[in-house]
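K.L.:
quick one: sequence plus predicted model below, questions after.
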Amino acid sequence: MRSAPSVVFPVGRSAFYGTCQGVLAVLALVMALLWGHSMSGQPGWAAWTLAGGLLAWAGWCLVAFHGWWRSPQGWLHWEAGVMPDERGEGGWLWRSQAYPDGTRLTGVECVLDLQTRMCLRLFFLDRGSRWIWVERQCDPVHWSAMRRAVVAGG
């Protein structure tokens, strides 16, 4: 297979991922309230049980929002033939505030491809891996090239 052309793609906070987290939060709240309402007439049921559930829900919401807010932001760069991998096809770079000059990635894995957005797992040389969402709306002109690079250099 021929290598994909070089491409630089911006990565930011994913509106899709944030919306999914919000929908899950609303569904969990509705379920907790329905459960509390159905249990309120039962003997031995205490309101503090519902309060504990709502507190756990609020904690999950804070953790989910914090994770979304601190989503990695930067640029994913595929360089065809410049930094060859084992197959000699090219290499990945991640540029961000933490890595202004870029850091080489050992690989990029497509975890979920929804055509207009992809969940990717970036493998770093020095510190494990990170998950990011890339979305077509961030750079519609280069979206096809980005998808080809993920397939070619995965």
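P.N.:
Received it, and whenever you're ready, just let me know what you need.

K.L.:
okay, buried residues for stretch 27-36 please.
P.N.:
Judged by neighbour count using 16 or more other C-beta atoms under 10 Å, the buried positions of stretch 27-36 are Gly36. C-beta here means a position set from N, CA and C on the backbone, and glycine is covered the same way.

K.L.:
kindly report the same for stretch 71-78.
P.N.:
Ser71, Pro72, Gly74, Trp75, Leu76, His77, Trp78.

K.L.:
and what of stretch 6-21?
P.N.:
Val7, Val8, Phe9, Val11, Gly12, Ser14, Tyr17, Gly18, Gln21.

K.L.:
got the CA coordinates for it in PDB?
P.N.:
C-alpha atoms of stretch 6-21 as PDB (Å, rounded to 0.1, in the frame of the first residue of the first chain):
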ATOM      1  CA  SER A   6       1.600  14.300   5.000                       C
ATOM      2  CA  VAL A   7      -1.100  16.100   7.000                       C
ATOM      3  CA  VAL A   8      -1.400  18.200  10.100                       C
ATOM      4  CA  PHE A   9      -4.700  18.100  11.800                       C
ATOM      5  CA  PRO A  10      -5.900  20.200  14.800                       C
ATOM      6  CA  VAL A  11      -7.200  18.400  17.900                       C
ATOM      7  CA  GLY A  12      -9.300  20.200  20.500                       C
ATOM      8  CA  ARG A  13     -12.100  19.500  23.000                       C
ATOM      9  CA  SER A  14     -14.700  17.300  21.300                       C
ATOM     10  CA  ALA A  15     -18.200  18.700  21.300                       C
ATOM     11  CA  PHE A  16     -19.400  15.200  20.500                       C
ATOM     12  CA  TYR A  17     -17.700  13.600  23.500                       C
ATOM     13  CA  GLY A  18     -19.000  16.400  25.800                       C
ATOM     14  CA  THR A  19     -22.500  15.900  24.500                       C
ATOM     15  CA  CYS A  20     -22.300  12.100  25.100                       C
ATOM     16  CA  GLN A  21     -21.100  12.800  28.700                       C
END
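
K.L.:
quick one: average pLDDT of stretch 38-53?
P.N.:
The average pLDDT for stretch 38-53 rounds to 77.

K.L.:
ranges for the helices of the chain?
P.N.:
With DSSP state H as the criterion, the chain has helices at 15-39, 47-69, 143-153.

K.L.:
those helices: which one's closest to Thr103?
P.N.:
helix 143-153 (15.6 Å; C-beta to C-beta).
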